[in-house]
Each structure stands twice: as C-alpha cells, then as structure tokens.
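In: got a structure for you, letters missing:
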C-alpha cells in the first residue's frame, strides 16, 4: 500500500527555516519522482519542487529558487524539503505527492498524496 506522510510543519518567523519530511512506504524512491506542492487558503494548489528518479534532477518554482532545497534519503525512503529565508507568502499547507519516474507539472499526474503539513510564517 502506497503511503506518504508529511511532518515538520509549524510556526516560524520571517527569515526563519523549517525542514519538512515526507516518509514514503509501499514503494521505493529510486523508482518514482516525488514533488512538494502547497496550497494557501483561497488559492489553488501549486507545485513547489520535485525530484526525479534516474538522475535525481531537481526542479523549483521560481519564487522558491535559492531558498528551498529538495533532497532524498533513498535508504530511509524519505524526501526532505529544506526551507530557508521563509516569507509570509510561503504560508500554506504543504503536501508531498508521487508521480511516475519523471517530474510533472500537472497535479493530475500525481496519483498519491500525503495528508499535508501546515507551515505558517508570521511574526
């Protein structure tokens, strides 16, 4: 059974950092790409970053480039999202999701989702 469980969200001040974790089970990270999405209240879900399988290529949405870093521990089957220099506009519920072997922009190509973890950036 495929399962994704996020953790690590919380309240942080602007300029602060958080590290989110996405623990995967039922499949191996070496075979499937995993992405992080976020959804703020009243807004559509948007892709934040993704890491593909074969060469570990990483993709980032423009607003998080240079601040967020995706990584994975294949042995532990966990994908991480390191978020630095957080801004109030980063406030959202963050989800990890699994697609095929390559990253995709279309959310419909992600068949498995976690329950989300909330990030609030506020002073």
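Out: Received, thanks. The structure presented is a predicted model; accordingly, all values stated were derived computationally and were not measured. Residues are numbered from 1 along each chain as shown.

In: quick one, strands of the protein?
Out: 3-7, 10-12, 18-25, 34-39, 46-51, 58-60, 68-73, 78-83, 92-98, 112-113, 117-121 (DSSP state E).

In: lowest-confidence stretch among those strands?
Out: When the strands of the chain are ranked by mean pLDDT, strand 58-60 comes last with a mean of 92.

In: mind listing what the residue nearest the centre of the chain touches?
Out: Nearest to the geometric centre of the chain sits residue 36, at 2.3 Å (Cα atoms, centre = their mean). Residue 36 is in contact with 20, 22, 47-50, 70, 79, 81, 94-97, counting by Cβ atoms under 8 Å, 6 or more residues apart in numbering. Glycine gets a C-beta too; all of them are placed from N, C-alpha and C.

In: check contacts around residue 53.
Out: By Cβ under 8 Å, 6+ apart, the neighbours of residue 53 are 29-33, 101-102.

In: correction: residue 78
Out: 21-24, 29, 72.

In: what about 7 Å?
Out: With contact set as Cβ atoms under 7 Å, 6 or more residues apart in numbering, residue 78 has these partners: 21-24, 72.

In: re the thing from before, so which of the contacts of residue 36 is the closest to residue 59?
Out: residue 50 (4.8 Å; Cβ to Cβ).

In: hmm, that closest one is touching residue 37, no?
Out: No. Using Cβ atoms under 7 Å as the test, residue 50 is too far from residue 37 to be in contact (9.2 Å).

In: tell me the bridge partners for residue 19.
Out: Under the criterion DSSP bridges, residue 19 forms beta bridges with residue 82.

In: kindly report the same for residue 5.
Out: Bridge pairing for residue 5 - DSSP bridges - gives residue 23.

In: since we're on it, how many residues are nearby?
Out: Applying other Cβ atoms under 10 Å, we find 14 other residues in the vicinity of residue 5.
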